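> Kindly generate the corresponding structure for this input.
(3 chains)
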Amino acid sequence: MTTSTYHGIYAVVSRIPRGKVATYGQVALLANLPGRARLVGYALSALTDPSVPCHRVINAKGEISRRNGGSEADEVQRHRLEVEGVFFDSHGRIPLELFRWRLYADE
DNA sequence: CCCATGACTGATT
DNA sequence: TAATCAGCCATGG
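Below is the predicted model of the structure:
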């Protein structure tokens, strides 16, 4: 791996505004890595820097992607988002049409 | 080098 | 609307 790839991913995630979310695919696209959403997920799992708001990255269905073996990190992520004003529907999913980060509208 | 395993996605059924 | 499938690619055994 050429850390520059991961660095670009972290740079994009760092630009997600408070109260907004982005999908793995969206982050991949903005990081100039179209179709490599999976790589974004891998980069986040390897991330240790707490200054990167990685809790604002969710999957394309609007759900929080689960970690291995019932980790409670998922619930922590959900709570962080709720604190920022992000709403979850009865299916545990975020209405992307309302909270999705739009580069030219939000920022 | 081969194979399995993921914080994934979009199209197809 | 939900389940499947085929791409995707870094890591570790």
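> Does the helix or strand hosting A:A43 reach DNA strand C?
Taking DSSP states H and E as the criterion, A:A43 maps to helix A:37-46. Yes - applying C-beta under 7 Å from any atom of the strand, one finds helix A:37-46 touching DNA strand C at A:A37, A:R38, A:L39, A:Y42, A:A46. Placement of C-beta: from N, CA and C, glycine included.
> When you filter these down to buried only, what's left?
Buried subset of those (neighbour count, 16 or more other C-beta atoms under 10 Å): A:A37, A:L39.
> Close to DNA strand B as well: tell me which of the residues of helix A:37-46 next to DNA strand C qualify.
A:A37, A:R38, A:Y42.
> burial count for A:Y6?
When neighbours are defined as other C-beta atoms under 10 Å, A:Y6 has 18 of them.
> Return the distance of the residue lying closest to it once chain neighbours are set aside relative to A:H91.
In this structure, A:Y6 finds its nearest non-sequential neighbour in A:A43, 4.7 Å apart by C-beta to C-beta, 6 or more residues apart in numbering. According to C-beta to C-beta, to the nearest Å, A:A43 stands 27 Å off from A:H91.
> Could you do A:R100 as well?
Separation of A:R100 from A:H91 (C-beta to C-beta): 17 Å.
> the more surrounded of these two?
A:R100 (17 against 8).
> does the more buried one have beta-bridge partners, and which?
Assessed by DSSP bridges, A:R100 has beta-bridge partners A:V21.
> my guess is it meets A:K20, correct?
Yes - if you go by C-beta atoms under 8 Å, A:R100 and A:K20 touch, sitting 7.2 Å apart.
> for the closest residue to A:K20 other than its chain neighbours, what are its contacts?
Using C-beta to C-beta, 6+ apart and skipping the chain neighbours, the partner closest in space to A:K20 is A:W101 (4.1 Å). Applying C-beta atoms under 8 Å, 6 or more residues apart in numbering, we find A:W101 in contact with A:I16, A:P17, A:K20, A:V21, A:A22, A:Q26, A:R56.
> Highest neighbour count among those?
Busiest of those [other C-beta under 10 Å] is A:A22, holding 26 neighbours.
> ok, now how distant is that one from A:N68?
For A:A22, the distance to A:N68 - C-beta to C-beta - is 23 Å.
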